[in-house]
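In: sequence? don't have it. structure:
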Ligand SMILES: [Zn+2]
């Protein structure tokens, strides 16, 4: 696994509550940024006409450690949103028994009557029974009404509310390969009719895993609604290098014994995200990872699950 750190540096300044810098502050901070870049080994990047620097460094690189050390005296010179992107080698993905499935495209608008409830003259109602206090989706009570043309030629997409929608091709592939752990719910067409209108399906994962091992799995935040009791998590993403905050996804852990109960598709016992759009995570088998890859399905990525 490679962890790529993206960190910005500037002397003109990111937002600060006391307002823009005065000229003597700008002069001083330009010299400081020059010195910091120099001490960290990025001196060739410096130019007195360039106030912003976007650096990409691998975690563990000595230059990054020096940069962070130098920035501790003036953390405001660093960008407020430093991110670490984990990149997995193919061998690492192929060695994982279980992987988190992330759908990387969200091109389908939500259910028509959920987006425009006031236009609902047919009395169709909402697709989910919701908690009246937190609006958490408690139970799906009807098919989704979606415009299938938003899908284009894609095989998989999220709706804005994070429902997973599949093309007919992908649905057939899953059945032909006897993939386990899911049902398909037909999607009702809204705003498109006639020959050539694609049939879409909503993925409904039926296999539920036992709770994650936590710790070592860590969460940043847990929301809980006092009315309906819904609990939703955020996987830990905020970290500190002393005074400098950065964002990096952390691992999900299960006990080895989880492999005795997994199917190809599984959802986690935990739910994630803000309460009104909370969803479980989707966990797939190594077999399904290879099927998706070999079928040329696009718009997804997988991250290994840690078994201990
Ligand atoms: Zn609630």
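Out: Great, that's in hand. If you're wondering where the values come from, they're calculated on a predicted model, not measured in any experiment.
In: all contacts plus neighbour counts: C-alpha atoms, from now on.
Out: Fine.
In: who in the stretch 201-308 of the chain is up against the ion?
Out: 225, 228 (C-alpha under 5 Å from the ion).
In: going along the chain, name the helices of the stretch 201-308 of the chain.
Out: Listed in chain order, the helices of the stretch 201-308 of the chain (DSSP state H, counting those that start in this stretch) span residues 286-294.
In: and for the stretch 51-200 of the chain?
Out: Counting by DSSP H, counting those that start in this stretch, the segments of the stretch 51-200 of the chain that form helices are 62-71, 90-94, 112-115, 168-176.
In: out of those helices, nearest to residue 18?
Out: When those are compared by C-alpha to C-alpha, helix 62-71 sits nearest residue 18, at 20.2 Å.
In: residue 157 contacts residue 102, correct?
Out: No. Residue 157 lies out of contact with residue 102 (C-alpha atoms under 8 Å); the separation is 10.3 Å.
In: and the helices of the stretch 51-200 of the chain, which one's lowest on average pLDDT?
Out: The stretch with the lowest mean pLDDT among the helices of the stretch 51-200 of the chain is helix 112-115, which comes in at a mean of 85.
In: that one packs against which elements?
Out: Of the remaining helices and strands, those touching helix 112-115 by 3 or more C-alpha pairs under 8 Å, 6 or more residues apart in numbering; DSSP states H and E are strand 145-146.
In: check the gap between the closest residue to residue 274 other than its chain neighbours and residue 251 for me.
Out: Counting by C-alpha to C-alpha, 6 or more residues apart in numbering, residue 232 is the residue found nearest to residue 274 once chain neighbours are left out, at 6.9 Å. For residue 232, the distance to residue 251 (C-alpha to C-alpha, to the nearest Å) stands at 17 Å.
In: these two: which is more packed in?
Out: residue 232 (22 against 16; other C-alpha atoms under 10 Å).
In: which residues touch that one?
Out: If you count contacts by C-alpha atoms under 8 Å, 6 or more residues apart in numbering, residue 232 has them with 222-224, 270-275, 278.
In: re the thing from before, of residue 157 and residue 102, which one has the most company?
Out: More neighbours surround residue 157 than the other of residue 157 and residue 102, with 24 against 15 (other C-alpha under 10 Å).
In: rewinding a little: nearest to residue 240, out of the helices of the stretch 51-200 of the chain?
Out: The closest of those to residue 240 is helix 62-71. By C-alpha to C-alpha, the value is 10.5 Å.
In: list the contacts of the closest one.
Out: By C-alpha under 8 Å, 6+ apart, the residues outside helix 62-71 that reach it are 36-37, 39-42, 57-58, 77-78, 241, 244.
In: nearest to residue 49 among the residues you listed?
Out: The shortest distance between residue 49 and any of these, using C-alpha to C-alpha, involves residue 37 and amounts to 14.8 Å.
In: mind checking how far the closest residue to the closest one other than its chain neighbours is from residue 31?
Out: For residue 37, ignoring the flanking residues on the chain, the nearest one in space by C-alpha to C-alpha, 6+ apart is residue 43 at 5.2 Å. As for residue 43, its distance to residue 31 is 12 Å (criterion: C-alpha to C-alpha).
In: buried ones in stretch 229-237, by neighbour count?
Out: 230-237 (16 or more other C-alpha atoms under 10 Å).
In: closest one to the ion out of those residues, please.
Out: The shortest gap between the ion and any of the buried residues of stretch 229-237 belongs to residue 230, at 5.7 Å (C-alpha to the ion).
In: give me the phi and psi for that closest one.
Out: Note on residue 230: backbone dihedrals following degrees, to the nearest 10 are phi -60, psi 140.
In: residue of the stretch 51-200 of the chain nearest the ion, please.
Out: For the stretch 51-200 of the chain and the ion, the shortest gap (C-alpha to the ion) falls at residue 134, measuring 4.1 Å.
In: residues contacting that residue?
Out: In this structure, residue 134 makes contact with 225, 275-276, judged by C-alpha under 8 Å, 6+ apart.
In: so residue 29 touches residue 11, yeah?
Out: Yes. Under the criterion of C-alpha under 8 Å, residue 29 lies in contact with residue 11, with a separation of 5.1 Å.
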